[in-house]
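1. Can you look at this prediction? I've put the sequence above it.
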Amino acid sequence: SAWMELSKKYGRLPFKTLFEPAIEYASKGFLVSPITAKAWEYAPDVYRNFPDFNKEFLDFYFEIPLFHKSSTYL
């Protein structure tokens, strides 16, 4: 790909190394701050009035499915 060629030509790190942090976050999650956790906690109340958001992100009961607890790893 073009990205690989650019990395070979101009990069200082091996291409694989560039993605290691992103892969770790994607597989293990990351800790969110208490402020972010609170904002996400109140988001359903804010966005309930937006039909397009509801259709894409809310479940049958108009709740955002939670897969984590506030201030824990996602």
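-> Now that the structure is in, tell me what you want to look at.

2. Please point out which parts of the least confident helix or strand in the chain by mean pLDDT sit buried.
-> Lowest by mean pLDDT, DSSP states H and E among the helices and strands of the chain is helix 51-57, with a mean of 78. Along helix 51-57, not one residue counts as buried under the neighbour rule (16 or more other CB atoms under 10 Å). Yep, even glycine has a C-beta here, placed from its N, CA and C like the rest.

3. Assign the residue of the chain positioned farthest from its centre to helix, strand or coil.
-> In the chain, the greatest distance from the average C-alpha position (CA atoms, centre = their mean) is reached by Lys9, at 30.6 Å. Using DSSP: H, G, I helix; E, B strand; the rest coil, the three-state assignment for Lys9 comes out as helix.

4. Likewise for the one 3 residues further on?
-> Under three-state DSSP, Arg12 falls in the coil class.

5. That one: neighbour count?
-> Neighbourhood size, Arg12 [other CB atoms under 10 Å]: 7.

6. gap between it and Pro44?
-> Arg12 sits 44 Å away from Pro44 when distances are taken as CB to CB, to the nearest Å.

7. could you point out where this structure is predicted with low confidence?
-> Along the chain, the parts satisfying pLDDT under 70 run over 59-74.

8. residue ranges of the helices in it, please?
-> With DSSP state H, the ranges of helices along the chain come out as 2-10, 15-28, 34-47, 51-57.

9. Please name every helix or strand in contact with the second one.
-> So that's helix 15-28. Helix 15-28 makes packing contacts with helix 2-10 when contacts are defined by 3 or more CB pairs under 8 Å, 6 or more residues apart in numbering; DSSP states H and E.

10. Can you name the residues in contact with the helix it packs on?
-> Outside of helix 2-10, the residues within contact range by CB atoms under 8 Å, 6 or more residues apart in numbering are Leu13, Phe15, Leu18.

11. How about the contacts made by the first one?
-> This means Leu13. Leu13 makes contact with Ser7 under the criterion CB under 8 Å, 6+ apart.
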